[in-house]
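In: Below is the sequence, then the predicted model.
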Amino acid sequence: MAQHEQQWTAVDEYLDAALVGQDAALTAALEVSARQGLPEIAVTATQGKLLHLLALTVGARRILEVGSLGGYSAIWLARALPADGRLISLEISPAHAAVARANLHEAGLEKVAEVRTGRAADSLAELVDDGAEPFDLVFIDADKPSNPEYVAWALKLTRPGSLIIVDNVVRGGQVADAQSTDPSVLGVRRMHELIAAEPRMEATAVQTVGAKGYDGFTLIRVTG
Ligand SMILES: C[S@@+](CC[C@H](N)C(=O)[O-])C[C@H]1O[C@@H](n2cnc3c(N)ncnc32)[C@H](O)[C@@H]1O
Ligand SMILES: [Mg+2]
């Protein structure tokens, strides 16, 4: 690991200890996910807590997540919901979805959180067809080439004032490379073009470093 990456990880460890703390359900969720062979690509603890605090700050009652993996970020988000709130998380892999459901159950969140298996594009279309109530917060963290599509669906499934958060938009800095042919970089760049051209969205992005490397979030407020 390069020296700056060691430092980012050390700072994440310090921040976890200083501000986040240990949590049995979240630790267990990561342990179970690793044991089941899921890739270690969940958000970090400091990022999970950021999602949690943002959901509390917008008073989210309904949260939509695209990309569950083992349910780690879903636990952080669902814990911000009131008792009658709802989190729907979309996951293509039946194996990942099963781990996420078990982890949400172990965290005592099975009454508010649901994992739907299938291609997110299909599940999102179903939510629109079913006339789902608008979501207050959407967290997009699945296959990056589909980001433009996911943001377009999220706009249909939210209301003015909703917050949409997209993970992994910096990609180690590759996002700034206009010549990149990487499908994930292209997905993020096209998503930003779509947002910039959409009068019903206002957005910014933050670059992040930490235990999971150099990346970032795009934050979108739905304005109309
Ligand atoms: C980065 S992981 C999600 C991490 C999770 N949000 C967390 O931080 O704990 C991305 C997930 O998206 C899922 N995924 C990939 N393509 C998908 C698709 N087309 N529809 C739904 N889920 C998809 C993957 O199987 C994987 O579990
Ligand atoms: Mg991510």
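Out: Thanks, I have the structure now. Numbering: from 1, shown residues only. Ligands and ions are numbered 1, 2, ... in the order given.
In: now P183, nearest residue through space, not along the chain?
Out: Excluding the flanking residues, the one nearest P183 by Cβ to Cβ, 6 or more residues apart in numbering is P145, at 4.3 Å. Any C-beta I mention is one placed from the backbone N, CA and C, and that applies to glycine too.
In: Quick check: that neighbour touching V188?
Out: No: the pair P145 / V188 is not scored as a contact, 9.0 Å apart, by Cβ atoms under 8 Å.
In: Which residue of these two possesses the greater neighbour count?
Out: Remark: of P145 and V188, V188 carries more neighbours, 25 against 16, as counted by other Cβ atoms under 10 Å.
In: can you pull the contacts of R119?
Out: Listed by Cβ atoms under 8 Å, 6 or more residues apart in numbering, the contact set of R119 reads I92.
In: 10 Å instead?
Out: L90, E91, I92, A125, A142, D143, S146 (Cβ atoms under 10 Å, 6 or more residues apart in numbering).
In: Over to V11?
Out: T46, V209, G210, A211.
In: Run a quick check on the first one versus D12, I expect a contact.
Out: Meaning T46. Yes: at 6.0 Å, T46 and D12 qualify as touching, with contact defined as Cβ atoms under 10 Å.
In: Surely the residue nearest to P183 is in a strand?
Out: No: looking at P145 with DSSP: H, G, I helix; E, B strand; the rest coil, it is helix, so not inside a strand.
In: which residues in the protein form helices?
Out: 3-15, 24-35, 45-57, 72-78, 94-106, 120-129, 147-156, 183-196 (DSSP state H).
In: For the longest one, list every residue counted as buried.
Out: By neighbour count, with 16 or more other Cβ atoms under 10 Å as the criterion, the buried positions of helix 183-196 are S184, V185, L186, G187, V188, R189, M191, H192, L194, I195.
In: which residue packs closest to the fifth one, ignoring adjacent ones?
Out: For V188, the nearest residue in space outside its immediate sequence neighbours is V169; the separation is 4.9 Å by Cβ to Cβ, 6+ apart.
In: right, and that neighbour touches R189 too?
Out: Yes: contact criterion Cβ under 10 Å: V169 and R189 qualify, at 9.3 Å.
In: hey, what's the residue in the chain positioned nearest to ligand 2 bridged with?
Out: Proximity of the chain to ligand 2 (Cβ to the ion) peaks at D167, 3.6 Å away. Listed by DSSP bridges, the beta-bridge partners for D167 are F217.
In: Over to R62?
Out: R86.
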